[in-house]
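Novice: 3D, please:
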Amino acid sequence: MAGFLVAALYKFAPLSDLKALKEHLQKICDDNNVCGTLLIAQEGINGTIAGSSSGIDKVLRAIRKVKGLGDLEHKESAASGQPFHRMKVRIKKEIVTMGVAGVDPNKAVGEYLSPAEWDKVISDPDTVVIDTRNDYEVRIGTFKNAVNPDTESFSEFPDYVQKTLDPKKNKSVAMFCTGGIRCEKASSYMKAMGFEKVYHLKGGILKYLEETPADKSLWEGECFVFDQRVSVKHGLEQGSYGLCPSCRHPVGDADRKSPKYIEGVACPNCHDKTSDDKKQRSAERHKQVKLAEKKGARHVGARFTPEEN
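Specialist: Just a heads-up that it's a prediction; the model follows:
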């Protein structure tokens, strides 16, 4: 395979001896030149990694040997260059942060829908379709007629549900996210809140874009991803968005045409919130990045993490 293989993965499963597991996974990744981030917690594992096809295969086989992770699924896509700068295995309280005690996808979740089943369910006018991702992700693409909760982090989702939805009125709820992990927790939470019909897209947007032809799709726009590709389109081809180094928000063609866009320094989202001093520092850093590129070197930038916010 040309370029790099990118593997996005997660699984909710009871894990123990996290310190030893962290050291074990870190070594296997380092030994096989695999970069990215893996989050581990007592509730499971979540991450995105990239490397050669053989390297990724060895890491995935090692993960699947861990008790409870034998049937872990992953999603693959390609990148022309290594989308991560380093490898980091981190121990967390949650592999995706909701912050609500007692929510356990290992005990109860909503009903999974394949991409083909998903289109039928969300086309029902009686179904509330909710994008569980953060607002900056929703802004560059979402499903037709989906509701944007306008959250800045996933931990705000429970408050949105309590203020906006009602188990007695909203009889059918369908949710989606990038790879499926946030919907596991969201559906578990909503089931505990008394919602009866709770659906979520199995494999998330990434699986949908991989399997659904563009001319038959209900997806509109591009999908934000947590690596240096920034966004992907149907067929999981790399998208058109870049990333603002100051606020980490996606930057599209319309943003680049704005007078508040300064390459490598600021974008319309953060221009007015960024001090002149920070803009000056960012400009100098951008200059160093460009100089490194001319020399064929690589300037280490900000780290990307899995969907954890």
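
Novice: surely residue 45 and residue 38 touch.
Specialist: Yes: here residue 45 reaches residue 38: they are 6.5 Å apart, a contact under C-beta atoms under 8 Å. Placement of C-beta: from N, CA and C, glycine included.

Novice: give me the secondary structure label for residue 93.
Specialist: coil (DSSP: H, G, I helix; E, B strand; the rest coil).

Novice: can you give me the helices in this protein?
Specialist: Remark: helices assigned in the chain by DSSP state H are 18-31, 53-64, 115-122, 135-138, 157-164, 181-192, 204-211, 253-256, 276-294.

Novice: list the buried residues for the longest one?
Specialist: For helix 276-294, burial by neighbour count (16 or more other C-beta atoms under 10 Å) applies to 279, 282, 286, 289.

Novice: which residue sits closest to the second one, ignoring its sequence neighbours?
Specialist: Beyond its immediate neighbours in the sequence, the residue positioned closest to residue 282 (C-beta to C-beta, 6 or more residues apart in numbering) is residue 265, lying 4.4 Å away.

Novice: again with the third one
Specialist: If you skip the residues right next to it in sequence, residue 286 has residue 264 as its closest partner in space, 2.8 Å away by C-beta to C-beta, 6+ apart.

Novice: and the pLDDT for that neighbour?
Specialist: Listed pLDDT for residue 264 reads 91.

Novice: deepest-packed of the helices of the chain, please.
Specialist: With neighbours defined as mean count of other C-beta atoms under 10 Å, those peak in mean count at helix 181-192, which reaches a mean of 25.

Novice: contact partners for the residue nearest to residue 282?
Specialist: 245, 246, 274, 279, 282, 283, 286 (C-beta atoms under 8 Å, 6 or more residues apart in numbering).

Novice: beta partners for the closest residue to residue 127 other than its chain neighbours?
Specialist: Once flanking residues are discounted, residue 127 sits nearest to residue 172: 4.3 Å by C-beta to C-beta, 6+ apart. Under DSSP bridges, the beta-bridge partners of residue 172 are residue 127, residue 197.

Novice: hmm, residue 172 is touching residue 123, no?
Specialist: No: contact criterion C-beta under 8 Å: residue 172 and residue 123 do not qualify, at 11.9 Å.
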